[in-house]
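Visitor: One predicted model, sequence on top.
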Amino acid sequence: MIHRLIIAALSLGLAATAGAAPRLTGVNLAGGEFGGLRSVYAKGYIYPSYGEIRAFRDMGVNTIRLPMRWERLQPSLTGPLDTAEMNRVDAVVATATGMGMAVVLDVHNYGRYQRQPLGSATVPAAALADLWERLAARYRSNPRVIFGLMNEPVRIGAADWAAMAARAVRSIRGTGAANLILVPGINWSGAHSWRKRIGLQSNAEALGAFTDPGNNFAFDFHQYFDTDSSGTRATCVSPDEATRRITVASDWLREVNGRGFLSEFGVSALPECQPVLRAALQAMAARPEWIGWTAWASSAWFGTYVFNLYPLGAAVPPQLATLRPFLSPARP
């Protein structure tokens, strides 16, 4: 009953169309990345409930991004996947894909394992490839599962990261998996900073010639609309600046004949930020390079967090009303 009331509330005053919306449109369902590495499930971290998934499905969301911690999925590098943790992930995947939604599996680790950086002697590049080989073998029969290689890799050179990502992609394709793969950049994967050099190369330079043996990948961008693009402030920039930040990535994607997916973005619940969010969504809807997006983020555990999109509370977050006209009616 609650989710029906939400749909009715969101329908009021939303007759305006958004143009050609991307095919994959949805939200991040946070919680699986919460807590310390010794946290106990349902006390320190949580995965989304059936009610939360269904509420978003019923308002038109067709894609969810599911943050997870590498260390919980695979307690020992190159070791087997953890049975209990994978059963939890399996349950979310089965619920969402059973409703016709796509699920982005997001390894939410910032290019680290046990706080050690990828590419180090402790965490070699082969470890990420091993993780994805195991995950791909598990989910290759479900085309609605999307593989998000790594959330916001940092403290890695762009060229080094490009090589690591390519190795992981080859491992995925080696299993026979044809699933869509999302390939991020370094430096928080920012759309606005994609051409900015961090060290010797920018993401634009390092990833411009990226290839996938399965020819089914998109570049994975993030973009927040506060002054420093960090997603930590309630205040936001102008709609024109939001459009400019998206356009930096859009133009590069056109240059390299690539596809883009904005897997994290958002504004706070402040009324003045809703036109900013709308401008960013319009900027993507107007460019065919974008295959989709997942807004940040929903969790019952976020409390008063101003970016929270949780749909089952007493009030409907205003960002959901802004997002809804841009949701694609088609299922992936």
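Guide: Noted; the coordinates are in hand.
Visitor: mind showing which ranges of the stretch 51-200 of the chain have poor pLDDT?
Guide: For the stretch 51-200 of the chain, no stretch has pLDDT under 70.
Visitor: at 90 what do you get?
Guide: 198-200 (pLDDT under 90).
Visitor: which stretch of helix or strand covers the residue nearest to residue 174 when sequence neighbours are not counted?
Guide: Once flanking residues are discounted, residue 174 sits nearest to residue 133: 6.7 Å by C-beta to C-beta, 6 or more residues apart in numbering. Quick note: C-beta positions are derived from backbone N, CA and C, even for glycine. Assigned by DSSP states H and E, residue 133 belongs to helix 125-139.
Visitor: Next: residue 220.
Guide: Assigned by DSSP H and E, residue 220 belongs to strand 217-224.
Visitor: Contact partners for residue 289?
Guide: 250, 253, 254, 258, 259, 260 (C-beta atoms under 8 Å, 6 or more residues apart in numbering).
Visitor: Drop anything exposed from the residues you listed.
Guide: Neighbour-count burial (16 or more other C-beta atoms under 10 Å) is assigned, among the contacts of residue 289, to 250, 253, 258, 259, 260.
Visitor: Of the contacts of residue 289, which belong to strands?
Guide: If you go by DSSP state E, these have residue 260 in strands.
Visitor: nearest to residue 188, of the contacts of residue 289?
Guide: Closest approach between the contacts of residue 289 and residue 188, by C-beta to C-beta: residue 260, at 15.5 Å.
Visitor: Next, the contact list for that closest one, please.
Guide: Counting by C-beta under 8 Å, 6+ apart, residue 260 makes contact with 218, 219, 221, 249, 250, 253, 289, 290, 291.
Visitor: Tabulate the residues you listed (JSON lines), appending pLDDT and distance to residue 327.
Guide: Converted to JSON lines, those look like this (pLDDT from 0 to 100; distance: C-beta to C-beta, whole Å):
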{"residue": "218", "pLDDT": "98", "distance to residue 327": "19"}
{"residue": "219", "pLDDT": "98", "distance to residue 327": "22"}
{"residue": "221", "pLDDT": "98", "distance to residue 327": "19"}
{"residue": "249", "pLDDT": "98", "distance to residue 327": "21"}
{"residue": "250", "pLDDT": "98", "distance to residue 327": "20"}
{"residue": "253", "pLDDT": "98", "distance to residue 327": "22"}
{"residue": "289", "pLDDT": "97", "distance to residue 327": "19"}
{"residue": "290", "pLDDT": "97", "distance to residue 327": "14"}
{"residue": "291", "pLDDT": "97", "distance to residue 327": "14"}
